[in-house]
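S.K.: sequence plus the predicted model coming up.
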Amino acid sequence: MLRVFRLPATVSRAPRHLASKTFVRNLSVPIVEEKSLRSLLDSSDFEDADLAKNEMAGLRKKFSGFFRRPPTERKELLEEVFPDVDLTPLQEGLPMEVADMMIENAVGGVTLPLGVAPNFVINGAHYIVPMAVEEPSVIAAASSIAKLVSENGGFRGKSTGNIMTSQVQLLDIDDADQAVKILSESRSELIEAANQFCQSSVKRGGGVRDIYPRLIIPRVDASRSPYVVIHIDVDVCEAMGANIVNTVAEGIAPKLADMVNGRAGLRILSNLCLKRRSAAAFKIPFEALAWKGVEGEVVAERVMEAYLFAEDDPYRAATHNKGVMNGIDSAAIAMGQDWRAIEASCHAAACSGGAYGSMTKYWTEDGYLLGKLEMPIACGSKGGALTTHPLYKLSHKLLGYPDAQSICQILVAVGLAQNFAAIRALAIEGIQKGHMNLHARNICLNTGVPNELIDECRGYMSVKKKWDTATAQEFLRTKGLEAKNMSQEEQKMQSKI
């Protein structure tokens, strides 16, 4: 049967024209056949929520008050929970000789604070999620929502197969329609030929699953002729897959060009991996949503208002989705994932309906608020820097060496938690109160407030409703202490805060 895809350069929010059955392997996490975007997970996936809620109670108790403990006690608890894991890399960081192997012209490293969000429960499994980020409140917000969700059955996660797509652009073709016909009729032959360029994947149960043409109608400069792009869908197994699909594209390109008497243009993967998607969702009863003296049903209503604002307006959606990526990027960086590719894919998907909108989705149903994040997202549990960077290796140990689908589900769960925390705070009390209270810690440290007085100083700033160096200095004077003598450069930096 002839399979022709006449798509513009953009795709619809629900791209059913890309739907096809993928070949998936029997992995330890829920895998589903590829369908239209946002097709994974619904309220029926929460039927066993009460059982999961009871099973997780003990784990939540162990990490209760984790944020109040000093760093030494937090590490001691991690050592207790993970007795076989060497936490030395937390102190040593990235050795220079490893950095020099990873990139060109290496001269050092930039260290981000690494924290953990201890309360994530996904499909009944408890995860202590590493997150690398410099911004206050990100880990606190994600942890708070993860705890709330874990008390109400935890997150549900699902993934499609590990299908990555590469593209081969075919130009200088006399008859694009005839080229599409030739290429479509040669599908089986082309799949066999393309698999010669990814034999390692084939041996692991992966390899090329489909090859099909798209006819591209130029959007810029109408005088240009239509041209053909070949999509090559490859099951990359546990790899992120960029190198695999790029190798396949470059290897098969000459044959494709010869078949249609054309010229191969770009040969590269697409980071819009619509056939490699993961979703996470939660379901919380209204009564459990009560917060800051506001009834749970009202909280749900305000969250819905905030969500719909992001769907209606791209200016709001940009900030709404930045909150999603605060969580995803922080965890992806800690786990050594390609967060730039993840960003590109998620934002492209968010505007695939013709207008930029919310990455997340919220709805109410029978006295419950449900939240969901489903995104095309590519992660790997093998390859790349995962075997060389000591902190990447440690992060995967802490997570129990998750496979690629599990990593994706962890990331989208963190992104959903972070987004829900942000819009709940915005809708109920405003974002600055909580954010500035956490930011005050940095101000205290820069002003020279002793560690044992930092919480008291933050409270002093909160009462004064002033989170700045002058107020921290004022607090120190009430204690008979002198502020730290800051350099001119430090003073300039503080004046900008």
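M.R.: Structure's in. What do you need?
S.K.: pLDDT averaged over stretch 228-243 - what is it?
M.R.: Mean pLDDT, computed over stretch 228-243, is 97.
S.K.: and it, what's buried?
M.R.: 228-242 (16 or more other C-beta atoms under 10 Å). (Glycine included, C-beta is placed from N, CA and C.)
S.K.: return the member of those residues nearest to E301.
M.R.: Closest approach to E301 among the buried residues of stretch 228-243 (C-beta to C-beta): M240, at 40.1 Å.
S.K.: what about the closest residue to the closest one other than its chain neighbours, which SS state?
M.R.: Leaving out its chain neighbours, the residue that sits closest to M240 by C-beta to C-beta, 6 or more residues apart in numbering is G380, at 3.5 Å. Of the three states, G380 takes coil according to DSSP: H, G, I helix; E, B strand; the rest coil.
S.K.: swap in Q169?
M.R.: Q169 ends up strand, using three-state DSSP.
S.K.: look up which residues are beta-bridged to it.
M.R.: V229 (DSSP bridges).
S.K.: what's it in contact with, if anything?
M.R.: By C-beta atoms under 8 Å, 6 or more residues apart in numbering, the residues touching Q169 are 227-229, 264-267.
S.K.: swap in 10 Å and give it another go.
M.R.: Q169 makes contact with 216, 227-230, 249, 253, 256-257, 262-268, according to C-beta atoms under 10 Å, 6 or more residues apart in numbering.
S.K.: contacts only, for E76.
M.R.: E76 neighbours (C-beta under 10 Å, 6+ apart): 69-70, 87.
S.K.: re the thing from before, just the buried ones from the contacts of Q169?
M.R.: Taking 16+ other C-beta under 10 Å as the criterion, what is buried in the contacts of Q169 is 216, 227-230, 249, 253, 256-257, 262, 264-265, 267.
S.K.: and those, which of them are in strands?
M.R.: Secondary structure from DSSP state E places 216, 227-230, 264-265, 267 of those in strands.
S.K.: closest one of these to R277?
M.R.: When these are compared against R277 (criterion: C-beta to C-beta), the nearest one is V229, at 21.0 Å.
S.K.: pLDDT score for Q494?
M.R.: 51.
S.K.: please apply the same query to L27.
M.R.: At L27, pLDDT is 31.
S.K.: on that earlier part again, identify, from the buried residues of stretch 228-243, the entry nearest to V98.
M.R.: Distances from V98 to those, taken by C-beta to C-beta, are shortest for M240, at 19.5 Å.
S.K.: that closest one contacts M335, correct?
M.R.: No: between M240 and M335 there is no contact under C-beta atoms under 10 Å: 11.2 Å.
S.K.: shared neighbours, the two?
M.R.: With C-beta under 10 Å, 6+ apart as the test, M240 and M335 both reach 379-381, 386, 407.
S.K.: quick one: which of the residues you listed is nearest R458?
M.R.: I407 (34.9 Å).
S.K.: please list all residues in contact with the residue nearest to that closest one when sequence neighbours are not counted.
M.R.: Closest residue to I407 apart from its sequence neighbours, by C-beta to C-beta, 6+ apart: C379 at 4.2 Å. Listed by C-beta under 10 Å, 6+ apart, the contact set of C379 reads 159, 162, 238-241, 276, 278, 332, 335-338, 341-342, 402-411.
S.K.: and if we set it to 7 Å?
M.R.: For C379, the contact set (C-beta atoms under 7 Å, 6 or more residues apart in numbering) comprises 240, 337, 404, 407-408, 411.
S.K.: now for those residues, which pair is the farthest apart?
M.R.: Distance extremes for those: the farthest pair is M240 and L411 at 12.4 Å, using C-beta to C-beta.
S.K.: hang on, L272 in a helix?
M.R.: No: using three-state DSSP, the assignment for L272 is coil, not a helix.
S.K.: give me the neighbour count for the closest residue to it other than its chain neighbours.
M.R.: Closest residue to L272 apart from its sequence neighbours, by C-beta to C-beta, 6+ apart: A348 at 4.7 Å. Counted by other C-beta atoms under 10 Å, the residues lying close to A348 total 19.
S.K.: tell me the average confidence for the longest helix seen in the chain?
M.R.: If you go by DSSP state H, the chain has its longest helix at helix 404-428. For helix 404-428, mean pLDDT is 97.
S.K.: output the contacting helices and strands for it.
M.R.: strand 114-122, strand 125-132, helix 138-150, strand 156-159, strand 277-285, helix 296-312, helix 314-334, strand 368-376 (3 or more C-beta pairs under 7 Å, 6 or more residues apart in numbering; DSSP states H and E).
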